[in-house]
Each structure stands twice: as structure tokens, then as C-alpha cells.
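> structural data only, the sequence is not supplied:
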């Protein structure tokens, strides 16, 4: 086999990368990589590095690393040309991301894999990622008239306190959706909560009952070409089904006020959290996603 090299991605790698990612997942409507590759390459710098593996300078693999904070890195877009799988390319690419992240000051690198993606899970474990947490998306329908039944507050400090004391925090190891990088989870800090679009807290006269925060509102195109807006909420933490009912109503009202057509609320994948959603009639995604982690102390 010809020698494999790993180097920073270049703009003229696009056609080769788009070709070998065209049929990544039959379960989904195509791969997002061709849509973001040009932006990834253009944005590479001190806090982001996109790498390709090449054979005779033809790209046959891809992986990107992003710094989410001074000591947290995120790996994403791990792809290998089907013709070159099983030839150590994934390990070479991810090792390159680990080394870059460690040199940049990160002490941990995480990634996310769909729970049904056995190949992706196997690849992640083979290069040193260890299982950390599992989450699922809930999807409250935006509704300006949703009845919360509890008081709704948007104080960052209250949201921080409520999350840190929740079992959602323990189940998610303190993670929530990152405020800048889509599809990435980072440690939810008081400073991050203060920077989000809007914290959400539901409470009665005595206690905080539920917490979330709106991270962003994005425009998407549906399979039939329709343009829709989706509001993303970085975590859902609540103490019982009644509290989830109030929290999902607060999310529904907030999303409607933001002009969103759809929502996505990240919650822990546990029997209690998912059965609470079923009990109060909040729609949930079909399957969970897994977060894995690799400590970078050896690099």
C-alpha cells in the first residue's frame, strides 16, 4: 500500500472529500461534511484544525479538532474512504487531532456518535475514546400560549444553581450544548450560562424545579425544500414529571417568541427522564446519542 500522510486540509481537497463522504449514512439524508468543508478549511486557525489523510496526495480520510475552552477539545467529522478502511487511517487522523489539541493546551477531547452507528462507535473506542454519557433530544412544539403552571425566570445564576444540583448534571458529567460549536457538548460553567441567548428556570415558591437554556436559533431546509427555524436548548434538568411539563411549556413559549418552528432540547438518556417525557406527552427523538472522552495527559 502507498504511504499514508496526514496534513492540514486545503480548499482544493473538497471534491475528493465530498466523493468519499457521499454515502456515509444510509439512515440519514446524506452527510453534512460536503456542506461545511469549505467553511471548516477557511476557519482553521489557533482554535480549530481540520486534517486529511492522503494516499499519493489524494484525501482518503478526514477529522477535525476544535477547542471549546482552554482545556477542552472536540473531535468531529471522522470519516475514512470505504476503499481504505481497516488500514490504520482513522487512528493516524485522530492521533493527529489529539496531538494538536494537547499542544494547544487541552487536557481532554470528546466526541459524539449516534447510538446506532456501530462503525463509528467501534472506531472511537479503537482510537482511545471511552464512553462517558448518553443523551436524547426532546422536541416540544413551539407555542406562544403554552401554560407553564410554574413561575418562569431567566436569571443565569438561578439556572446555574439549578443545573449543578440536578441529577441531569450528574448523568451528563456537567456537560451541555456548547454555545459556539454546533453538535458539540462542553462543560457547562457559570460563565457559559451567562453568555447564552436565554436561560430558562421554572420554580415554585420554594424551589427551582427545572432548568434549560436557549443556545441558538438556526435556519434549516427540510427534505421537501421547506425552510424552517429550529431553537436549540442546551440541557433539560427537572425533578419530576410535573416540572418537565412546566419546563417544556417554558421552552415552547420561548421558542415561539424566538420565531422558531421547531425545537430540540438535550436531556439525559435515563429511564426516568425519557419516561417523564412520555408521561407528559413531550415528543422525543427515536434514539439516543453517545458522548465519549479521551484524556490527553499522554500527549
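All right, it came through fine. All values reported here derive from a predicted model rather than from experimental measurement.
> so residue 216 lies in a helix, does it not?
No - counting by DSSP: H, G, I helix; E, B strand; the rest coil, residue 216 is not found in a helix; it is strand.
> beta partners for it?
residue 232 (DSSP bridges).
> surely it meets residue 234?
No - judged on Cβ atoms under 8 Å, residue 216 makes no contact with residue 234 at a distance of 9.1 Å. Where you see a C-beta, it was placed from the backbone N, CA and C, and this is true even at glycine.
> neighbour-wise, which of those two wins?
residue 234 (26 against 17; other Cβ atoms under 10 Å).
> setting aside sequence neighbours, what's the nearest residue to the more buried one?
Distance criterion Cβ to Cβ, 6 or more residues apart in numbering; nearest residue to residue 234, sequence neighbours excluded, is residue 177 at 3.5 Å.
> residue 185 is in contact with that neighbour, correct?
Yes - Residue 177 is in contact with residue 185 according to Cβ under 8 Å; the separation is 6.2 Å.
> overlap of the contact sets of those two?
Counting by Cβ atoms under 8 Å, 6 or more residues apart in numbering, the contacts common to residue 177 and residue 185 are residue 266.
> ok so, going back, report the set of residues contacting both of residue 216 and residue 234.
Residues touching both residue 216 and residue 234 by Cβ under 8 Å, 6+ apart: residue 179.
> in the stretch 151-299 of the chain, which spans are helices?
Listed in chain order, the helices of the stretch 151-299 of the chain (DSSP state H, counting those that start in this stretch) span residues 156-164, 167-171, 190-194, 241-257, 271-280.
> relative to helix 241-257, how tilted is the last one?
Between the axes of helix 271-280 and helix 241-257, defined by axes from the mean of the first three to the mean of the last three Cα atoms, to 10 degrees, the angle is 70 degrees.
> buried stuff in helix 271-280?
Neighbour-count burial for helix 271-280 flags 273, 274, 276, 277, 280 (criterion: 16 or more other Cβ atoms under 10 Å).
> want to throw the residues you listed into a markdown table with pLDDT?
Output for the buried residues of helix 271-280, formatted as a markdown table (pLDDT from 0 to 100):
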| residue | pLDDT |
| --- | --- |
| 273 | 98 |
| 274 | 98 |
| 276 | 98 |
| 277 | 98 |
| 280 | 97 |
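> possible to save those residues as a markdown table with distance to residue 238?
Below are the buried residues of helix 271-280 laid out as a markdown table (distance: Cβ to Cβ, whole Å):
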| residue | distance to residue 238 |
| --- | --- |
| 273 | 8 |
| 274 | 13 |
| 276 | 7 |
| 277 | 10 |
| 280 | 10 |
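> tell me the one of those nearest residue 264?
Nearest to residue 264 among these is residue 277, at 13.1 Å by Cβ to Cβ.
> returning to that earlier point: point out the most buried one among the helices of the stretch 151-299 of the chain.
helix 241-257 (a mean of 24; mean count of other Cβ atoms under 10 Å).
> run through the neighbouring helices and strands of it.
If contacts are counted by 3 or more Cβ pairs under 8 Å, 6 or more residues apart in numbering; DSSP states H and E, helix 241-257 sits against strand 198-203, strand 208-221, strand 227-233, strand 237-238, strand 262-268, helix 271-280.
> one more time with 7 Å
Using 3 or more Cβ pairs under 7 Å, 6 or more residues apart in numbering; DSSP states H and E, the elements in contact with helix 241-257 are strand 198-203, strand 208-221, strand 262-268, helix 271-280.
> could these be laid out in JSON lines, adding distance to residue 126?
Below are the helices and strands packed on helix 241-257 laid out as JSON lines (distance: least, Cβ to Cβ, whole Å):
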{"stretch": "strand 198-203", "distance to residue 126": "39"}
{"stretch": "strand 208-221", "distance to residue 126": "31"}
{"stretch": "strand 262-268", "distance to residue 126": "26"}
{"stretch": "helix 271-280", "distance to residue 126": "29"}
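> of all the ones you listed, which lies closest to residue 292?
Between residue 292 and the helices and strands packed on helix 241-257, the shortest gap by Cβ to Cβ is with strand 262-268, which sits at 15.7 Å.
> hmm, back to that, now the helices of the stretch 151-299 of the chain as CSV including distance to residue 226?
Conversion of the helices of the stretch 151-299 of the chain to CSV gives the following (distance: least, Cβ to Cβ, whole Å):
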stretch, distance to residue 226
helix 156-164, 33
helix 167-171, 33
helix 190-194, 33
helix 241-257, 18
helix 271-280, 26
